[in-house]
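In: Sharing a sequence plus its predicted fold:
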Amino acid sequence: MTSYLDFLTAKTPVAATTGLHVDPGEVHPILKPHQRDIVTWAVRGGRRAIFAAFGLGKSVIQLEILRLVLSRTGGRALIVCPLGVRQEFVRDAAMLGLTVTFTRTSGGVDGPGIYLTNYESVRDGKLDPNLFNAVSLDEASILRSFGSKTYQTFLPLFDGVKYRFAATATPSPNRYKELIHYAGFLGVMDTGNALTRFFQRDSTKANNLTLYPHKEREFWLWLNTWAVFLQRPSDVCGCGCHAAS
């Protein structure tokens with residue numbers, strides 16, 4: 001039985017590690033233990049998702065990920081976020097000793113550093129993601145409100161960006177379509193391939209996905225190679241801390 005389980009585990013797809021090694025000591029000391037652990041994991045992976053409950057410091061985590069990537073690669077990084085949280089990034093960047101620049105157009109991109117923009121600017125073609133070598137989608141679940149067609153055409157715009165990250169509140173476990181769209185954005189697995197590999201279609205209801213029973217364990221193991229889910233700091237760092245950032 002053990003050898004059979006090993007066989008099944010070996011067949012589980014694993015997200016490639018395409019990032020950069022950083023030592024935990026390189027992470028800004030203002031970050032809490034769970035934030036530091038996520039940052040080093042994400043930078044090493046190169047294309048990772050952070051699904052975290054409100055108050056766990058997603059903005060600080062994203063800024064520090066991009067800071068560390070740029071410290072190795074130079075160039076520019078982009079955070080795509082709702083307009084309502086722009087000032088939160090400006091504030092948190094100041095705490096990290098960073099300056100971020102907000103722009104709605106490609107013409108506003110001048111020189112290296114971290115830039116902010118809103119989803120509509122990318123969607124409407126005003127800002128070209130290919131100007132950046134690293135990008136993070138903040139509150140990426142907002143894409144659902146754009147409608148299915150826009151959602152599917154938005155994500156491929158970033159195919160040329162080497163380092164990609166997404167950060168948003170923890171998705172519902174049964175929101176499978178959203179999860180595999182994130183995998184597509186990150187370049188972990190093509191959305192169509194994920195649909196074929198893991199899901200059976202419901203002929204009586206469009207877009208209703210059900211995991212194949214024999215693929216359920218494999219799906220969740222695969223998901224955990226490229227995404228971190230947390231409701232509290234101790235879910236990651238095991239330090240017993242519970243304070244929000």
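Out: Structure's in. What do you need?

In: which residue is nearest the centroid of the protein?
Out: Of all residues in the chain, the one closest to the mean position by C-alpha atoms, centre = their mean is Ala166, 2.0 Å from it.

In: So which residues make contact with stretch 171-183?
Out: Residues outside stretch 171-183 that contact it (C-beta atoms under 8 Å, 6 or more residues apart in numbering) are 49, 51, 140-141, 143-144, 151-152, 155, 166, 189, 191, 194-195, 198-199, 207, 209, 211, 223, 226-227. To be clear about C-beta, it is placed using only N, CA and C from the backbone, and glycine gets the same treatment.

In: how far does the host helix or strand of Gly192 sit from the chain's center?
Out: Assigned by DSSP states H and E, Gly192 belongs to helix 191-198. Counting by C-alpha atoms, centre = their mean, to the nearest Å, helix 191-198 is centred 19 Å from the centre of its parent chain.

In: Tell me which strands the helix or strand following it pairs with, and in which orientation.
Out: Using DSSP H and E, the next helix or strand after helix 191-198 towards the C-terminus is strand 199-201. Using DSSP bridges, the neighbouring strands of strand 199-201 in the sheet come out as strand 209-211 (antiparallel).

In: thinking again about what came up before, could you list every helix and strand in contact with the helix holding Gly192?
Out: For helix 191-198, the contact count by 3 or more C-beta pairs under 8 Å, 6 or more residues apart in numbering; DSSP states H and E identifies helix 176-186 as packing neighbours.

In: Apply the buried test to the contacts of stretch 171-183 and list what passes.
Out: Buried by 16 or more other C-beta atoms under 10 Å: 49, 51, 140-141, 143, 151, 155, 166, 189, 191, 194-195, 198-199, 209, 211, 223, 226-227, out of the contacts of stretch 171-183.
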